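Engineer: pasting the sequence and the predicted model now:
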Amino acid sequence: MFPIRESRPLAPGVRLFRIVAPRIARKRQAGQFVIVRLHADGERIPLTIADSDAAAGTITLIVQGIGKTTKLMNSLAAGDAILDVVGPLGRASEVERFGTVAVLGGGVGAAIAYPTAVALGRAGNEVLTILGGRSRELVLLEAELAAVSAELVVTTDDGSYGRRGLVTGPLLEWLESGRRIDRVLAIGPVPMMRAVAEVTRPWAVPTIVSLNSIMVDGTGMCGGCRVLVGGESRFACVDGPEFDAHEVDFAVLAQRNAMYRDAESRSLSDFLADPGGEVEKVRHDCRRAAAREEELATSLVEVPR
Amino acid sequence: MTAQRPSVKERVKLPRQPMPERAANARVRDFGEVNLGYDAALALAEAVRCLECASPKCVGGCPVGVKVSEFVALVAAGDLLAAAAKVREDNALPAVTGRVCPQEDQCEGVCPLGKRGSPLAVGHLERFVADYERRVGEIGLPPIAAPTGRSVAIVGSGPAGLSCAGDLVQRGHRVRVFEALHELGGVLVYGIPEFRLPKEIVRQDVESLAAMGVEFETNVVVGKTVTVDELMREEGYDAVFLATGAGLPRFLGVPGEHLNGVCSANEFLTRVNLMKAYRFPQADEPLFDCRGRDVAVIGGGNTALDSVRTALRLGARRGSILYRRSREEMPGRAEEIHHAEQEGVEFQFLVNPVEFVGDEAGALVAARCQRMELGEPDDSGRRRPLPIPGSEFELPLALAVIAVGTTANPIVQSTTPDLATRRGGYIAADPRTLATSKPGVFAGGDIVTGAATVILAMGAGRTAAAGIHEYLDAEPGRRA
Ligand SMILES: Cc1cc2nc3c(=O)[nH]c(=O)nc-3n(C[C@H](O)[C@H](O)[C@H](O)COP(=O)(O)OP(=O)(O)OC[C@H]3O[C@@H](n4cnc5c(N)ncnc54)[C@H](O)[C@@H]3O)c2cc1C
Ligand SMILES: Cc1cc2nc3c(=O)[nH]c(=O)nc-3n(C[C@H](O)[C@H](O)[C@H](O)COP(=O)(O)OP(=O)(O)OC[C@H]3O[C@@H](n4cnc5c(N)ncnc54)[C@H](O)[C@@H]3O)c2cc1C
Ligand code: SF4
Ligand code: SF4
Ligand code: FES
C-alpha cells in the first residue's frame, strides 16, 4: 500500500501525484517508470517517474486521464493510497554529454521527457526544448522545463499559445538553418514521434523516442509490450522504453495499442457511470491491505519462537 | 480395519478408483475445478490396493522422497491427519502437488501395480489427505526453533521460494520473501489456471507460512527495486536464495508475430489468472475476446494445454493444439491431455506454423502451417521434427497463443556481477547445497534447472534451505 502525499491538478485532465514509495525513490533514474494497480480488480498500468525525493521517500507521477484507470487515479486525493506500485522499471535514459540536445514533448509526453531533460542538463548538455499541446492549457511543465533549457519554444495545434502548428516545425527550422543538434529526444503521441523521426532521418541526427506500448507485468515475463525495432521484436518494458526512433516501426506500435479498444471504452463508460463507487473500491482495498500489513507486523512479534 | 484388508493377491486385482470429475460439457463453461476429489470411501478403497512394498519404488520415484507407502498405510488405517503430517515431512505443498505433479513419470510411474493394471493413485490420495486437513481446519504448524538472529532474503514466491522459506523459518531464521508481482505463489497463481489449481489453496499455504513467521513483501523486483548486494550489505541479510523461475516467453521468430491476436501463453494466462480477465468487466484487465472465435495454441506442454482449455472456457468456438511432434512426445501431464480431449480440444500433431497472416488492420486471420515428420532423435532423446516439403496449408485463426517454452529471467543475474551463470543465462549452483559462485547466495528451482516441475522446484527449495542453514552455522554471524 502506497500512500498519496499530494495530488493536485496540473492542467485539464492532468494531475500530479506525490506517492510514498521509499525503495523506488532511492533507486530510480531518469527515464524509468513504475507500474501501478489501484484496487484488487484493477489493471496494471505503466507511469513514468517524473521526479523523486529519496530523503522524503516519495516519487512524483504525472497522469493524464484518458481511460478508466488513469481517470480513476485522477479521482484520488492526498490521504488516499495506491494498492500496488512496483519499480523502478525499464532502462534508464542514456545520459551523456552529447552537446546540444533537442527535447520535444507532446502533451503528457512533456512529463515523461522532463526527468531526462533535467538529467541531460545536469550532464552539461545544452537543452533546447519544444513543447507541444493541443491548446494552451495542455502545455505541461513549461516553467520547469524552461529552468533546464537554454531555449524553449511552445507550439499549439490551435495557435492559442506560442506558435501555431506541430513540434516538428521549429525542429525542422533549426536543422535547416544549420543549427547544431547532436541528439533529439521526442516523447508524445505515436503520430508525433513518428513525424519527428521522419524530420531527423535525412539529417541523420540520433533520435530517441519513448514507446508507450501496452504492458502487464513490466518485467519481461509476458511479452505483451513487444515492439518492432530494426525488424526485431523487443520488449519495451525491459529493452526500453527508449529506442532509436529511426528503427521503430510506428505502424505496428499504433496497431498493437489499439488491440483492446472495445474493452477499454466499455471500462471507461462503466467507470463514468459510477466514478464514486470505483473510488470507494480503491479506498476499501487499501484499507484492507493496510489492516493486513498491520496484522502481519504484530503477529510477527507474537509468533512463538 | 486392517484385519479385513484383502490379501496381496486380491489387491492386485482391485481396480484403481477413478477421480470424480465434473462433466466435460458443464465444466468448460466456467473456471471451477475439474476434479472433485476423493471422498473418504474412495480414498480407503484406493489405499487398500497398496502392496506396502518392502522397498517401495514410489518413494524413489518422487523427487522429494515423499514416504508414500507410509502415508498410504495411514490412510488405509483411517488416520487421515497422521497421513497428512507424514506427507508434510517431505512436501510442504501437498494440496498443490497432489493436483499438478506428473505422477505418471514419478511416484506412480514406478509402482509395480502399474504393470498388472494401473498404479496406485498416489496423487489423488495425496490431494485427499491435504484437502481433508484443510477441511477439518487442523493444519498443524510445525514447531519453530529459537531465533538464531540470522536473516535470509528469498527472491521469488514460487514453489521453490515458498518451500525454502518454510524450512528456514522452522530453523529459527528470520525470513523475508520478495516478490515482483502483486500476488504470492509464482506460476501457481499466474500460470496454472483456477480449474486445475484453485488459487485459494495457494493462498492458504501462504497464510500458513505467514503464521509461522515468514515475512512477505510484494512489488519488489530484485535487481531493480533493490539489488542482491544491497540486500546483503545495506539491509543486513546473511544469505539470499534466488528462486526467480524461468519466466521469459519464447516466441517462434516467424513473420507476423506482432499481429493483434498473437500472444505468449504467459501473457494470455497472466491476464486470465493473475489479472482475473475472465471476470471482465468486473475486473479491469482486458483480454482478447475469444467468444465464437477459432483459437490455436502452439506447443504440447502443460502451458499449452492450460491455454487451450482456458480459451474454450472463455467461449472459443474451436480450440486446437498445434504440436510439431506426435502425441507420444507431448510433455504435458497425461491427465491434462485426457481432460483436454474430453473438453473437445482438437489436436493437430506434426504441424508447425511458419507465418501468421493478418488483415489490413493488423488483426490475425490465419496461420500458415507446415506438416512435419519425425526424423532421428535429438539431444533430448525425442525424435526431431522435420518439415515435409510442399505440405503447407492455411489454418483460419483469430487468436494464436504461443506456448513453446520459456527462458531464464535475467534481471537478477544482470545486476549481480559476481554471480556465475551457465548456458542460457540460468544460474549455476552446486547441486548438493545449491550455493552459487557468490558467497551467501543460493539459487534453485526453474532459474537453475530450466522450466521443470512444481515438485522439483520445491525440492530445490528444501535443498537450498539445508545448504543455507549449514552455511549460516559455519559462518560466524555479523549480528548473532
Ligand atoms: C513506459 C510508459 C510510461 C508511461 N508514462 C506515463 C505517464 O507518465 N503519464 C501518463 O499519463 N501516461 C503514461 N503512460 C501511458 C499510460 O500507461 C496509459 O495512458 C494508461 O495505461 C491508460 O490506461 P487507461 O485505463 O486510463 O486507458 P485505456 O482506456 O485502458 O487506454 C487508453 C490507451 O492507453 C494505452 N494503454 C492501455 N492499457 C495500457 C497498459 N496496461 N499499459 C500501457 N498502455 C496502455 C492504449 O494504447 C490505449 O489505447 C506511459 C506508458 C508507458 C508504456
Ligand atoms: C502454465 C503452466 C503450467 C504448469 N503446469 C505444471 C504442472 O501441471 N505440474 C508441474 O509440476 N509443473 C507445472 N508447471 C511448471 C511449474 O509451475 C514450475 O516448474 C514451477 O512453478 C517453478 O517454480 P519456481 O519457484 O522455480 O519458479 P516460479 O513458480 O516461476 O516463481 C518465480 C517467482 O519469482 C518471481 N520473480 C522473478 N524475478 C524476480 C525478481 N527479480 N525479484 C522478485 N521476484 C521475482 C516471479 O514473479 C515468480 O513469482 C507449469 C508451468 C506453467 C507456466
Ligand atoms: S509429491 Fe508428487 S511425485 Fe511425490 S509422491 Fe506426491 S504426487 Fe507423487
Ligand atoms: S510402489 Fe506402489 S504398491 Fe508399492 S508401496 Fe509404493 S504405492 Fe504401494
Ligand atoms: S510488460 Fe510483460 S514483458 Fe513487458
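Structural biologist: Sure, I can see it. Ligands and ions are numbered 1, 2, ... in the order given.
Engineer: and A:Thr69, helix, strand or coil?
Structural biologist: Here A:Thr69 is recorded as helix under DSSP: H, G, I helix; E, B strand; the rest coil.
Engineer: beta partners for the closest residue to it other than its chain neighbours?
Structural biologist: In space, and not counting its chain neighbours, A:Thr69 is closest to A:Ile45: 5.0 Å by CB to CB, 6 or more residues apart in numbering or on different chains. Using the backbone N, CA and C atoms, a C-beta is placed for each residue, glycine as well. Legend: beta-bridge partners of A:Ile45 under DSSP bridges are A:Val36.
Engineer: tell me which element the residue nearest to the spatial centre of chain A is part of?
Structural biologist: The centre of chain A sits closest to A:Thr48, judged by CA atoms, centre = their mean, with a distance of 3.5 Å. Per DSSP states H and E: A:Thr48 is located in strand A:45-53.
Engineer: all helices for the stretch 51-200 of chain A, in order.
Structural biologist: A:68-73, A:109-122, A:142-148, A:168-176, A:190-200 (DSSP state H, counting those that start in this stretch).
Engineer: and the third one, how far out from the chain middle?
Structural biologist: In terms of CA atoms, centre = their mean, to the nearest Å, the centre of helix A:142-148 is found 17 Å from the chain centre.
Engineer: now that helix - C-alpha only, PDB.
Structural biologist: Only the C-alpha atoms of helix A:142-148 are listed here, as PDB (Å, rounded to 0.1, in the frame of the first residue of the first chain):
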ATOM      1  CA  GLU A 142       6.600  24.900 -19.200                       C
ATOM      2  CA  ALA A 143       8.300  26.700 -16.200                       C
ATOM      3  CA  GLU A 144      10.000  23.500 -15.000                       C
ATOM      4  CA  LEU A 145      11.400  22.700 -18.400                       C
ATOM      5  CA  ALA A 146      12.300  26.400 -19.100                       C
ATOM      6  CA  ALA A 147      14.500  26.200 -16.000                       C
ATOM      7  CA  VAL A 148      16.700  23.500 -17.500                       C
END
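Engineer: so can I have TSV of the helices of the stretch 51-200 of chain A showing distance to ligand 2?
Structural biologist: Converted to TSV, the helices of the stretch 51-200 of chain A look like this (distance: least, CB to the nearest ligand atom, whole Å):
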stretch	distance to ligand 2
helix A:68-73	22
helix A:109-122	23
helix A:142-148	33
helix A:168-176	39
helix A:190-200	30
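Engineer: same list, those helices, but as TSV with mean neighbour count and mean pLDDT please.
Structural biologist: Output for the helices of the stretch 51-200 of chain A, formatted as TSV (neighbours: other CB atoms under 10 Å in any protein chain shown; pLDDT from 0 to 100):
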stretch	mean neighbour count	mean pLDDT
helix A:68-73	23	95
helix A:109-122	24	93
helix A:142-148	16	90
helix A:168-176	18	92
helix A:190-200	20	95
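Engineer: what about the biggest helix by length in chain B and ligand 3, any contact?
Structural biologist: Counting residues, the longest helix found in chain B (DSSP state H) is helix B:454-474. Yes. Against ligand 3, helix B:454-474 shows contacts by CB under 6 Å from any ligand atom at B:Ile455.
Engineer: dump the helices of the stretch 51-200 of chain A to JSON lines, plus distance to B:Arg88.
Structural biologist: What follows is the helices of the stretch 51-200 of chain A, written out as JSON lines (distance: least, CB to CB, whole Å):
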{"stretch": "helix A:68-73", "distance to B:Arg88": "42"}
{"stretch": "helix A:109-122", "distance to B:Arg88": "50"}
{"stretch": "helix A:142-148", "distance to B:Arg88": "58"}
{"stretch": "helix A:168-176", "distance to B:Arg88": "66"}
{"stretch": "helix A:190-200", "distance to B:Arg88": "54"}
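Engineer: so which of the ones you listed is nearest ligand 4?
Structural biologist: Closest approach to ligand 4 among those (CB to the nearest ligand atom): helix A:68-73, 51.7 Å.
Engineer: other SSEs contacting the closest one?
Structural biologist: In terms of contacts (3 or more CB pairs under 8 Å, 6 or more residues apart in numbering or on different chains; DSSP states H and E), helix A:68-73 is packed against strand A:58-64, helix A:261-273, helix A:275-302.
Engineer: if we go to 10 Å?
Structural biologist: strand A:14-20, strand A:33-37, strand A:45-53, strand A:58-64, helix A:261-273, helix A:275-302 (3 or more CB pairs under 10 Å, 6 or more residues apart in numbering or on different chains; DSSP states H and E).
Engineer: and the angle from the last one to strand A:33-37?
Structural biologist: Interaxial angle, helix A:275-302 versus strand A:33-37 (axes from the mean of the first three to the mean of the last three CA atoms, to 10 degrees): 100 degrees.
Engineer: and helix A:275-302, average pLDDT?
Structural biologist: Average pLDDT, helix A:275-302: 81.
Engineer: show me what from the stretch 201-305 of chain A comes close to ligand 1.
Structural biologist: Counting by CB under 6 Å from any ligand atom, the stretch 201-305 of chain A comes close to ligand 1 at A:Asn212, A:Ser213, A:Ile214, A:Met215, A:Pro241, A:Asn257, A:Glu264, A:Leu268.
Engineer: quick one, which of these are buried?
Structural biologist: A:Asn212, A:Ser213, A:Ile214, A:Met215, A:Pro241, A:Glu264, A:Leu268 (16 or more other CB atoms under 10 Å in any protein chain shown).
Engineer: and the gap between the spatially closest residue to B:Gly358 that is not a sequence neighbour and B:Gly299?
Structural biologist: Using CB to CB, 6+ apart and skipping the chain neighbours, the partner closest in space to B:Gly358 is B:Leu259 (4.2 Å). Look at B:Leu259 and B:Gly299: by CB to CB, to the nearest Å, they are 18 Å apart.
Engineer: comparing those two, which residue is more hemmed in?
Structural biologist: Shown here are B:Leu259 and B:Gly299; by other CB atoms under 10 Å in any protein chain shown, B:Gly299 has more neighbours (25 against 22).
Engineer: if I look at B:Pro353, what pLDDT would I see?
Structural biologist: pLDDT, read off for B:Pro353, is 96.
Engineer: any idea which element it lies in?
Structural biologist: Counting by DSSP H and E, B:Pro353 is found in strand B:351-358.
Engineer: so which elements touch that strand?
Structural biologist: Under the contact rule (3+ CB pairs under 10 Å, 6+ apart), strand B:351-358 is packed against strand B:262-264, strand B:294-298, strand B:318-323, strand B:364-377, strand B:383-387, strand B:393-396, strand B:399-402.
Engineer: in a markdown table, list those along with mean neighbour count and distance to B:Arg150.
Structural biologist: Output for those, formatted as a markdown table (neighbours: other CB atoms under 10 Å in any protein chain shown; distance: least, CB to CB, whole Å):
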| stretch | mean neighbour count | distance to B:Arg150 |
| --- | --- | --- |
| strand B:262-264 | 27 | 40 |
| strand B:294-298 | 26 | 46 |
| strand B:318-323 | 24 | 48 |
| strand B:364-377 | 17 | 48 |
| strand B:383-387 | 16 | 50 |
| strand B:393-396 | 13 | 57 |
| strand B:399-402 | 26 | 44 |
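Engineer: I am finished for the moment; much appreciated.
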